[in-house]
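Visitor: quick one, fold the following:
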Amino acid sequence: MKLKQLESLLGGLQQFPNPKMELEQYPTGPHIASRMLYTAENSFGDVSGKVVADFGCGCGTLGLAAALLDAEHVIGLDIDSQSLEIASLNAEDLELDIDLVQCDIRNLGWRGQTVNTVVMNPPFGTRKKGADMDFLFVALKIASQAVYSLHKTTTRDHVKRIASRDFSASSAEVLCELRFDVPQLYKFHKKREVDIAVDLWRFVPQRNH
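Guide: Numbering: from 1, shown residues only. Prediction:
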């Protein structure tokens, strides 16, 4: 599938009607989502034929992008039942089959490397400090192949240090810098749209022998 086609299909998905501020629910736009999954597949072969988990999947954009790129199996996980209902409708609209699980990522009880690849747009940690790193900690424990994640560019050094030193990632690499448009979803946003620089990271977990 071509990048343009992938972006176009993702552009038709329903998003959060009433985003929850405490969960930092910002939709992952089709521009970023399509490039994230297209890069994962075409540069690294981490999607097609793989088991892919979408952490904090929201309305399912990243997981559905993985399914469109022929992932063998996709699991979307989110704490918010309303988001999962929308993700389910989005999957139906695209005639895709993905598993959706309601859970708190931080309490995920999976043992060992149960999926090949994790894709995620975690909470940036602006409302709850360290939320993005909580997601990354779990992702690196359950992925056998790679973790793709978005983090604010301003936290780049911090993310690299924690991933390599504390979470034992065997590699942590910024693939590109993207602009994340956060629309004025919440009352505390002064401007109609805020433009945030984010890094697209690829982390490789340590192999379990």
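Visitor: list the beta-bridge partners for the residue sitting nearest the centre point of the chain.
Guide: Geometric centre of the chain, nearest residue: residue 120, 1.5 Å, by Cα atoms, centre = their mean. The residues listed as beta-bridge partners of residue 120 by DSSP bridges are residue 55, residue 149.
Visitor: any idea how far residue 2 is from it?
Guide: Residue 120 sits 24 Å away from residue 2, going by Cβ to Cβ, to the nearest Å. C-betas here are computed from N, CA, C, even on glycine.
Visitor: now the helices: where do they sit in the chain?
Guide: If DSSP state H is used as the criterion, the helices of the chain fall at 3-11, 30-42, 61-68, 81-93, 131-142, 156-161.
Visitor: between those helices, which one is closest to residue 109.
Guide: Counting by Cβ to Cβ, residue 109 lies closest to helix 131-142 out of the helices of the chain; the figure is 10.3 Å.
Visitor: what about the chain, any weak spots by pLDDT?
Guide: Within the chain, the stretches falling below the threshold (pLDDT under 70) are 16-27, 124-129, 181-194, 208-209.
Visitor: follow-up on the earlier one: okay if I get the helices of the chain as TSV plus mean neighbour count and distance to residue 175?
Guide: Converted to TSV, the helices of the chain look like this (neighbours: other Cβ atoms under 10 Å; distance: least, Cβ to Cβ, whole Å):
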stretch	mean neighbour count	distance to residue 175
helix 3-11	15	15
helix 30-42	22	6
helix 61-68	29	15
helix 81-93	17	25
helix 131-142	21	15
helix 156-161	14	12
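Visitor: mind putting those into a markdown table with distance to residue 197?
Guide: Below are these laid out as a markdown table (distance: least, Cβ to Cβ, whole Å):
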| stretch | distance to residue 197 |
| --- | --- |
| helix 3-11 | 20 |
| helix 30-42 | 12 |
| helix 61-68 | 19 |
| helix 81-93 | 25 |
| helix 131-142 | 15 |
| helix 156-161 | 10 |
